[in-house]
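**Q** I need the structure of the sequence given here:
(4 chains)
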2 protein chains.
Amino acid sequence: MTSTKERILQTSLALFNKQGERNVTTNHIAEALGISPGNLYYHYRNKGMIVSALFEAYQADLLELLAAPQGPLTWTIKTYYFEGLLASMWQYRFFHRDLTHFLHADPDLAERYQRFVETVLQRGRVIYEELRSSGILSLDNEQLEGLMVNTWVLMSSWASLVQGLRPDALEDEQLDEALMRHGVYQIICLEEPFLQGEAREHLQEMKARYRSADSTPALLLGPVPGLARTGSE
Amino acid sequence: MTSTKERILQTSLALFNKQGERNVTTNHIAEALGISPGNLYYHYRNKGMIVSALFEAYQADLLELLAAPQGPLTWTIKTYYFEGLLASMWQYRFFHRDLTHFLHADPDLAERYQRFVETVLQRGRVIYEELRSSGILSLDNEQLEGLMVNTWVLMSSWASLVQGLRPDALEDEQLDEALMRHGVYQIICLEEPFLQGEAREHLQEMKARYRSADSTPALLLGPVPGLARTGSE
DNA sequence: TGATTTTTAGAGTAATTACTCTAGGAGTCA
DNA sequence: TGACTCCTAGAGTAATTACTCTAAAAATCA
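**A** Model (predicted):
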């Protein structure tokens, strides 16, 4: 029996993800939970506090995943790793979707987010350095930094990008999964040129695993039901 | 003497970029222009129509830049090219910031945007192929596709990403410029591994040109005035 | 000039929405 | 049992905001 406070977070997260924070009112959240607005405001003094608490959970999730990896990193392990990261980010995708607004509206959150990104990049650096010393990646410091920033940009944008282009992904569990895998695929593309030795051998295998099943190169632009497509049929 | 209809677009764009479309009311736009709300609604029947018209302008801007390049492409030219693209996208940054919301709210816009992205990727493909046959890039089709998608993701996310992390960029013309250059730098990082011949020789020069002047690797995380930074001073 | 159309002002409204307030139920502890 | 704290309901409100409507000024044209 989870607490009301916790249930508010869960329901808010689900609604935010589905409809966008902007389109979800506090009354709407309360109604979805079957509680009164007053009750909701007893637990969170305003809507921003809910967002703030959700960010905290998101941050905790991600930083745990990014904790210093135990044991030597292999290329395969690292890819699963990214899969986990992307999954977490997908779970809280409402956040990156309206990120700018949140940061603008809540200076305290802005500060926390800034520190969060710093930490993420810091830990990313450690991981990439480990991959380098294991002989999996071959790059200099400058390239490492560039790769890391690009990876972060890609990961943090992927979910909202996908949601923009494929709004139907919300209802289709399978498509959802496929789009997520495509995200991992793009990350692999990012690193591919730097791969060495053992990793190179597994490359095609990994790419195949994450390439979209229907072999469409840009799954992003597959047919969208409900949108009239030129030249279809 | 520009028409009222045009001035509405200009003012809206400026306000949307600065404060986010969500925080800009139609009355606010009218007031900024010194016209009445009624007048504004005479020209655009609702707020969405303004967004829609701005998208049309954005699209025109970008597609013109992406028109088939005349003459053989050199690496240097292509980089300036990206600079132009990023500048255009920066000019309409409000759009990508709230993209998901716009597409969700206006199915017609969603359809147009979808076609727009298709066209962009199509033209990008042509350009990259040209770079390959000029011997500037060395990659197979699969790598080309991956690189192109990643470039698009990076470019279309860069502005809002930056605005989230550096809200102060709005007031500081110089910082603004520096962050834009950093975007080009990241794109260069994306392609660096595939460069060949002539391009390789210019690489360091180009990187230096776009690297942030203060040699901070991640300009994104420079000190933000007004935010207390740990360990500063 | 007069007729007609385009553009503008500005008061007003209906709907939404984040949030408040009071009062009472439910659990806990003496 | 009573006292006290925690939790909940739900009616209500103040503020915002996208948008309407009427009428008049300005431009255009015969």
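
**Q** next one: phi and psi at A:Asn46?
**A** A:Asn46 adopts backbone torsions of phi -160, psi 180, taken as degrees, to the nearest 10.

**Q** tell me the SS of the residue of chain A found nearest DNA strand D?
**A** Proximity of chain A to DNA strand D (C-beta to the nearest atom of the strand) peaks at A:Gly38, 1.7 Å away. Where C-beta positions appear, they are placed from N, C-alpha and C, glycine not excepted. Put simply, A:Gly38 is helix when judged by DSSP: H, G, I helix; E, B strand; the rest coil.

**Q** Against A:Thr26, how distant is it?
**A** Using C-beta to C-beta, to the nearest Å, A:Gly38 is found at 11 Å from A:Thr26.

**Q** Show me where chain A dips below the pLDDT cut-off.
**A** For chain A, the stretches flagged by pLDDT under 70 are A:1, A:68-69, A:213-233.

**Q** which residues of it fall in helices?
**A** Ranges of helices within chain A are A:4-19, A:26-33, A:37-43, A:47-65, A:75-91, A:93-97, A:99-105, A:107-133, A:141-165, A:173-191, A:198-210, based on DSSP state H.

**Q** Just name the most buried of those helices.
**A** helix A:93-97 (a mean of 25; mean count of other C-beta atoms under 10 Å in any protein chain shown).

**Q** check contacts around A:Gly146.
**A** B:Tyr185, B:Gln186, B:Cys189, B:Leu190, B:Glu192 (C-beta atoms under 8 Å, 6 or more residues apart in numbering or on different chains).

**Q** what's the closest of these to B:Leu13?
**A** B:Gln186 (25.2 Å; C-beta to C-beta).

**Q** Which residues are in contact with the closest residue to A:His28 other than its chain neighbours?
**A** Of all residues not flanking A:His28 in the chain, A:Leu15 sits nearest, at 6.8 Å (C-beta to C-beta, 6 or more residues apart in numbering or on different chains). Taking C-beta under 8 Å, 6+ apart, we find A:Leu15 in contact with A:Val24, A:His28, A:Ile29, A:Ala32.

**Q** cool, A:Thr119 as well?
**A** The contact partners of A:Thr119, taken as C-beta under 8 Å, 6+ apart, are A:Leu63, A:Leu66.

**Q** ok, 10 Å please
**A** A:Gln59, A:Leu62, A:Leu63, A:Leu66 (C-beta atoms under 10 Å, 6 or more residues apart in numbering or on different chains).

**Q** Distance to chain B added to the residues you listed, as CSV?
**A** As requested, those are exported to CSV (distance: C-beta to the nearest C-beta, whole Å):
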residue, distance to chain B
A:Gln59, 15
A:Leu62, 16
A:Leu63, 16
A:Leu66, 16
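
**Q** Distance to DNA strand D added to the residues you listed, as TSV?
**A** Compiled in TSV, these are given as follows (distance: C-beta to the nearest atom of the strand, whole Å):
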residue	distance to DNA strand D
A:Gln59	24
A:Leu62	29
A:Leu63	28
A:Leu66	33
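
**Q** Tell me the one of those nearest B:Gln19?
**A** Minimum distance to B:Gln19 across the contacts of A:Thr119 is 26.4 Å, recorded for A:Gln59 (C-beta to C-beta).

**Q** My guess is that closest one contacts A:Gln114. True?
**A** No. Counting by C-beta atoms under 10 Å, A:Gln114 is not a contact partner of A:Gln59; they are 11.8 Å apart.

**Q** how much space is there between the most centrally placed residue in chain A and A:Trp158?
**A** By C-alpha atoms, centre = their mean, chain A has its centre lying nearest to A:Met89, at 2.3 Å. Distance, A:Met89 to A:Trp158, using C-beta to C-beta: 7 Å.

**Q** Quick check: neighbours shared by those two?
**A** A:His96, A:Met180, A:Gly183.

**Q** okay but the second one is in contact with A:Ala169, surely?
**A** Looking back up the chat, that one is A:Met180. Yes. Between A:Met180 and A:Ala169 there is a contact at 9.3 Å, judged by C-beta under 10 Å.

**Q** who touches both of the two?
**A** A:Ala159, A:Val162.

**Q** Would you mind naming what in chain A lies close to DNA strand C?
**A** Counting by C-beta under 7 Å from any atom of the strand, chain A comes close to DNA strand C at A:Asn23, A:Thr25, A:Thr26, A:Asn27, A:His28, A:Pro37, A:Gly38, A:Tyr41, A:Arg45, A:Asn46, A:Lys47, A:Gly48.

**Q** Quick one: residues contacting the residue of chain A closest to DNA strand D.
**A** Contacts of A:Gly38 by C-beta under 10 Å, 6+ apart are A:Ala30.

**Q** Repeat that for A:Ser160.
**A** A:20, A:89, A:93-99, B:96, B:99-100, B:157, B:160 are the contacts of A:Ser160 under C-beta under 10 Å, 6+ apart.

**Q** Distance to DNA strand D added to these, as a markdown table?
**A** Shown next, in a markdown table, are the contacts of A:Ser160 (distance: C-beta to the nearest atom of the strand, whole Å):
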| residue | distance to DNA strand D |
| --- | --- |
| A:Gly20 | 16 |
| A:Met89 | 30 |
| A:Arg93 | 25 |
| A:Phe94 | 21 |
| A:Phe95 | 22 |
| A:His96 | 23 |
| A:Arg97 | 19 |
| A:Asp98 | 16 |
| A:Leu99 | 20 |
| B:His96 | 20 |
| B:Leu99 | 18 |
| B:Thr100 | 18 |
| B:Ser157 | 25 |
| B:Ser160 | 20 |
